[in-house]
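# sharing a model prediction with you, sequence too.
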Amino acid sequence: MTSSSELTLADVAGPASLAVANGPIAGSGATIGSATIPAGSLGWVVPTASRRLSLELVLGTPFTVRFQATGTLANESIAPTALGLPTGVGPLGPGLGEATAIPIVVTSVAQLTERGLGGVVRPYLGAGASVLFSRNAKVTNPMLTEVGHPELMIAPAPGLVAQGGLDLRLWRSVYARLDVKFIALRAHAEVHHIEIKTPGLPLFDSVEVGTAKLDVWVNPIIVEAGIGWDFDVVDLYQRAARRL
């Protein structure tokens, strides 16, 4: 589930100020599409609290995140007239831009029972923090890229994590896991050097609009299923040393 602030224009000057003004565009917004990605986790059992507390690091593979326009930003012209004259500028449509995202999640996890249910099932709860890094961000909207090459910048998106799940012992130290995480994060995006064509204004072939800013709140529910292995680093080292 996602929500966003209204798109806010800044640095509007020159001919563009005849049609638009600095500030939010009423009814505008954006959303981010969902994705399915492989991920891996590495945990460390804290040698206290009956070994029921652990720290986990989850790393997902890079994936493409797409920003979609909503509301008036997608369906209405952001600059329909200038001094009462139609500009010929149409709606942006749904597509805004995309970027390669790299998610990192760190949580503290507590086993709810000391030996598990029947020695087989281990329920747990956890909480922690996440950050979503992005690279290769680019504007993909045809209207925004028709004249120039606007620059899309996305700041690292921090968030909070709530976690719960079950570990099911399959054989010795091999477990199957079903994990559910709820993440609340905020992504801040800015588009610089926006220039659009104005076919309805005979004196201006195109105008530079300025900068657009947008905050998107993302609240995904992430469901993970996988296979894991519990191991003792010291024990593995001692075994390897004896074989040498």
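Nice, thanks for sending it over.
# for Val209, the count of nearby residues, please.
27 (other CB atoms under 10 Å). Glycine gets a C-beta too; all of them are placed from N, C-alpha and C.
# surely it meets Thr198?
No - using CB atoms under 8 Å as the test, Val209 is too far from Thr198 to be in contact (10.2 Å).
# give me the common contacts of the two.
Between them, Val209 and Thr198 share these contacting residues under CB atoms under 8 Å, 6 or more residues apart in numbering: Ala79.
# center of the chain, which residue is that?
Leu132 (5.6 Å; CA atoms, centre = their mean).
# any figure for the gap between the nearest residue to it once chain neighbours are set aside and Ala189?
With CB to CB, 6 or more residues apart in numbering as the criterion, Leu132 has its nearest non-adjacent residue at 4.1 Å, and that residue is Ala157. Using CB to CB, to the nearest Å, Ala157 is found at 9 Å from Ala189.
# quick one: contacts for Ala176?
Contacts of Ala176 (CB under 8 Å, 6+ apart): Asp167, Leu168, Leu170, Ala225, Gly226, Ile227, Gly228.
# top of the residues you listed by neighbour count?
Asp167 (20 neighbours).
# coming back round to it: next, count neighbours for the residue nearest to Leu132.
23.
# same check, this time on the one 3 residues further on
Other residues near Leu160 come to 12 when the count uses other CB under 10 Å.
# could I get the buried residue list for stretch 205-220?
206-218, 220 (16 or more other CB atoms under 10 Å).
# let's have those residues in TSV, adding secondary structure.
TSV is the format used below for the buried residues of stretch 205-220 (DSSP: H, G, I helix; E, B strand; the rest coil):
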residue	secondary structure
Ser206	strand
Val207	strand
Glu208	strand
Val209	strand
Gly210	strand
Thr211	strand
Ala212	strand
Lys213	strand
Leu214	strand
Asp215	strand
Val216	strand
Trp217	strand
Val218	strand
Pro220	coil
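# make a markdown table out of these and add pLDDT.
What follows is those, written out as a markdown table (pLDDT from 0 to 100):
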| residue | pLDDT |
| --- | --- |
| Ser206 | 87 |
| Val207 | 89 |
| Glu208 | 89 |
| Val209 | 90 |
| Gly210 | 89 |
| Thr211 | 94 |
| Ala212 | 95 |
| Lys213 | 95 |
| Leu214 | 93 |
| Asp215 | 95 |
| Val216 | 92 |
| Trp217 | 92 |
| Val218 | 87 |
| Pro220 | 85 |
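# gap between the residue nearest to the centre of the chain and Ile32?
Leu132 sits 10 Å away from Ile32 when distances are taken as CB to CB.
# got any residues that touch both of those two?
Residues touching both Leu132 and Ile32 (CB under 8 Å, 6+ apart) are Ala187.
# may I have the residues that are in contact with Asp167?
Gly116, Val121, Arg122, Tyr124, Tyr175, Ala176, Arg177, Gly228.
# for this structure, which spans come out with low pLDDT?
Residues of the chain that meet the criterion pLDDT under 70 lie in 1, 49, 115-118, 232-241, 244.
# quick one: the helices in it?
Counting by DSSP state H, the chain has these helices, from start to end: 72-75, 142-145, 233-243.
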